[in-house]
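In: Can you look at this prediction? I've put the sequence above it.
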Amino acid sequence: MTRFTGKATAITPNRELQPDEYFNETDHLIYCSKCNTPRQCRHKLQGKVLIPSIRCKCQQEIFEQEEAQRKLHEKQMEIEHLKTSGLQDKALYDYTFARDNGINPEIKLAHNYVSNWEEMKANASGLLIWGDVGTGKSFFAGCIANALLEKGVPVLMTNFSRILNTLTGMHFEDRNQFINSLNRYSLLIIDDLGIERNSDFALEQVFNVIDSRYRSKKPLIITTNLTLSELNNAADIAHKRIYDRILERCIPVRINNRNIRQDNATANLKQAKKILLNNHAPNQN
């Protein structure tokens, strides 16, 4: 028989208290002195009482902030990796909606394409951006590329001259492997169709790239100085089978404005002239 002595057994924390903690005598758990929420909880497991550590409210807030920063950093690193892979010309980094000067009203269609990307992707719907030299076709396509890359969408913007240089000298199997690798991108943008060399080898590889993309059922965007009439009325079979696949999947968008490249060149010359005229030549001794 156990004799009752009248002395209560003192309950103490199961670990050493930190400077910003206190022991709650009510539930016998450790609490945060700042937010007054528990840093411990109580669980029963197989007849045993466990008291594991948990985050208090202010610790949880700090954790969530740090986690958000970590995810943001990871996303930024992923986007940078996608841009390094997808924008093969560094000048393309500047082709963004933020840099649009409002000259081309057609740019709203680029905005619409990005806004409706999931539907465009599901339907394998691309764009055929055509118009005169220097009217902003590459900028139009580059805005789409950068906007989608910022969303984490894999995009490759290149041209056939670069593709043909890569394919030249490759064995047949390696060429097929390279062409198939272009389809790992959710969107493929080919800039300046029609400026590449017109040899039998070049036309065959251009067709292979377009046909591979066509069969992959993934969107393709083409920019070209060729007119819609030239594309619809190809002079030979080799060109016709290329253009037919493009026209079947790509919505024609005409960029019909003044020559932006010429305007920029004129503005740069005026600025240079102004600098020269406003600066006197040094005195000759």
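Out: Noted; the coordinates are in hand. Residues are numbered from 1 along each chain as shown.
In: can you count the residues close to the closest residue to residue 97 other than its chain neighbours?
Out: Spatial nearest neighbour of residue 97, chain neighbours left out: residue 143 (5.1 Å); criterion: CB to CB, 6 or more residues apart in numbering. C-beta coordinates here come from the backbone N, C-alpha and C atoms, glycine included. If you count neighbours by other CB atoms under 10 Å, residue 143 ends up with 23.
In: contacting residues around the host helix or strand of residue 143?
Out: Assigned by DSSP states H and E, residue 143 belongs to helix 137-150. With CB atoms under 8 Å, 6 or more residues apart in numbering as the test, helix 137-150 has contacts from 79, 82-83, 86-87, 92-97, 100, 104, 106-107, 110, 113-114, 117, 127, 129-131, 155, 157, 186-187, 189, 191-192, 221, 223-225, 253, 255, 260.
In: which of those are buried?
Out: By neighbour count, with 16 or more other CB atoms under 10 Å, those hold 79, 82-83, 86-87, 92, 95-96, 100, 104, 106-107, 110, 113-114, 117, 127, 129-131, 155, 157, 186-187, 189, 191-192, 221, 223-225, 253, 255, 260 as buried.
In: got the buried residues for stretch 56-76?
Out: 56, 59.
In: again with stretch 222-231
Out: For stretch 222-231, the neighbour count (16+ other CB under 10 Å) marks 222-226, 231 as buried.
In: do stretch 198-212 as well
Out: Neighbour count says stretch 198-212 has 202-203, 205-210, 212 buried, by 16+ other CB under 10 Å.
In: List just the nearest of those residues to residue 50.
Out: Nearest to residue 50 out of the buried residues of stretch 198-212 is residue 212 (CB to CB; 59.0 Å).
In: how about the helices in this structure?
Out: 57-86, 107-115, 117-122, 137-150, 160-167, 172-181, 200-216, 228-232, 237-249, 260-278 (DSSP state H).
In: pLDDT score assigned to residue 198?
Out: Note for residue 198: predicted pLDDT of 79.
In: Oh, that last question was meant for residue 283, not what I typed.
Out: Note for residue 283: predicted pLDDT of 51.
In: Residue 135 now?
Out: Predicted confidence (pLDDT) at residue 135: the value is 87.
In: can you list the buried residues of stretch 198-212 in JSON lines and add distance to residue 173?
Out: Formatted as JSON lines, the buried residues of stretch 198-212 follow (distance: CB to CB, whole Å):
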{"residue": "202", "distance to residue 173": "20"}
{"residue": "203", "distance to residue 173": "21"}
{"residue": "205", "distance to residue 173": "14"}
{"residue": "206", "distance to residue 173": "19"}
{"residue": "207", "distance to residue 173": "18"}
{"residue": "208", "distance to residue 173": "13"}
{"residue": "209", "distance to residue 173": "16"}
{"residue": "210", "distance to residue 173": "20"}
{"residue": "212", "distance to residue 173": "14"}
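In: Now tabulate those residues in CSV and tack on pLDDT and distance to residue 14.
Out: Below are those laid out as CSV (pLDDT from 0 to 100; distance: CB to CB, whole Å):
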residue, pLDDT, distance to residue 14
202, 92, 76
203, 94, 78
205, 94, 72
206, 95, 73
207, 96, 74
208, 96, 70
209, 96, 67
210, 96, 70
212, 97, 65
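In: Kindly indicate which of those lies nearest residue 24.
Out: Closest approach between the buried residues of stretch 198-212 and residue 24, by CB to CB: residue 212, at 67.5 Å.
In: Name the spans of the protein whose pLDDT lies under the cut-off.
Out: Counting by pLDDT under 70, the chain contains low-confidence ranges at 1-9, 257-277, 279-285.
In: Need the residue closest to the centroid of it.
Out: residue 149 (1.0 Å; CA atoms, centre = their mean).
In: Quick check: the gap between residue 23 and residue 49.
Out: Distance from residue 23 to residue 49, counting by CB to CB, to the nearest Å: 16 Å.
In: between the two, which one's more packed in?
Out: Neighbours per residue (other CB under 10 Å) separate residue 23 from residue 49, with residue 23 holding more: 15 against 8.
In: gap between the nearest residue to that one once chain neighbours are set aside and residue 29?
Out: Leaving out its chain neighbours, the residue that sits closest to residue 23 by CB to CB, 6+ apart is residue 13, at 4.8 Å. From residue 13 across to residue 29, the span is 9 Å (CB to CB).
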